[in-house]
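Chemist: turn this into a structure:
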Amino acid sequence: MVFYYKARPEVGDYTIFMGLDKHENEELIKYGFPEDIWFHVDKMSSAHVYLRLHKGQTIDDISEGLLEDCVQLVKANSIQGNKMNNIDVVYTPWYNLKKTPSMDVGQVGFHNSKMARTVKVEKRINEIVNRLNKTKVERKPDLKETPRRDAKA
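Modeler: Numbering: from 1, shown residues only. Predicted coordinates:
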C-alpha cells in the first residue's frame, strides 16, 4: 500500500507519497524515479516520504512551502519524532540512496553524504498535516511494472 498526498496548490502540482511499512519502503527504494526526493527523520524511526519533482527539476528547485509540506508529513509519521520539537529531517535525491545486503529492511545509507541535506523542524504544524491528510489516497501500485517516466501518481 502506498499513500499519496497533494502538496499545497500554490506551489504547483506535486505528489508526495510514502509506503505503508518498512517492506513497502524497500519497494520504493528499489523502484524510485530520478525525480524523487527522499525524506526521513534523522537518527530516528520514521516513514520514508518521497516528493516527485517534475522532469528536469532538481533538489534545488524545491520551494520553501513544498519543503514544509514534506518535512511536516515525515515528522507526523514518526512515532518518536512526532512527539518531539526541534528534530532534524534529512533529504536527498532517490538515486543517492544506497542499499546493501547487510542492511535491515527499510534501512538505507547514501552513496554521497554531501548530497544529503538536513532541515530543522521546530514543531508539528497540525494545519499542514491535516490539509495533507485530506488529500490522502491509498493505492496498491505494482512499482516494478510502473513506467519510469510517464507514471502519474
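
Chemist: quick one, longest helix in the protein?
Modeler: Longest helix of the chain, by residue count under DSSP state H: helix 64-76.

Chemist: what packs against the helix or strand just after that one?
Modeler: Counting by DSSP states H and E, the element after helix 64-76 in chain order, helix or strand, is helix 79-83. Under the contact definition 3 or more CB pairs under 8 Å, 6 or more residues apart in numbering; DSSP states H and E, helix 79-83 sits against helix 64-76. Glycine gets a C-beta too; all of them are placed from N, C-alpha and C.

Chemist: picking up where we left off before, how about the longest helix of the chain as PDB, C-alpha atoms only?
Modeler: What follows is helix 64-76, C-alpha atoms only, in PDB (Å, rounded to 0.1, in the frame of the first residue of the first chain):
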ATOM      1  CA  GLU A  64      10.000  26.600   0.900                       C
ATOM      2  CA  GLY A  65       6.300  25.800   1.000                       C
ATOM      3  CA  LEU A  66       6.800  22.400  -0.700                       C
ATOM      4  CA  LEU A  67       9.700  21.600   1.600                       C
ATOM      5  CA  GLU A  68       7.500  22.400   4.600                       C
ATOM      6  CA  ASP A  69       4.800  20.000   3.400                       C
ATOM      7  CA  CYS A  70       7.300  17.200   3.100                       C
ATOM      8  CA  VAL A  71       9.000  17.700   6.400                       C
ATOM      9  CA  GLN A  72       5.700  18.100   8.300                       C
ATOM     10  CA  LEU A  73       4.400  14.800   6.800                       C
ATOM     11  CA  VAL A  74       7.600  12.900   7.700                       C
ATOM     12  CA  LYS A  75       7.600  14.300  11.200                       C
ATOM     13  CA  ALA A  76       3.900  13.400  11.700                       C
END
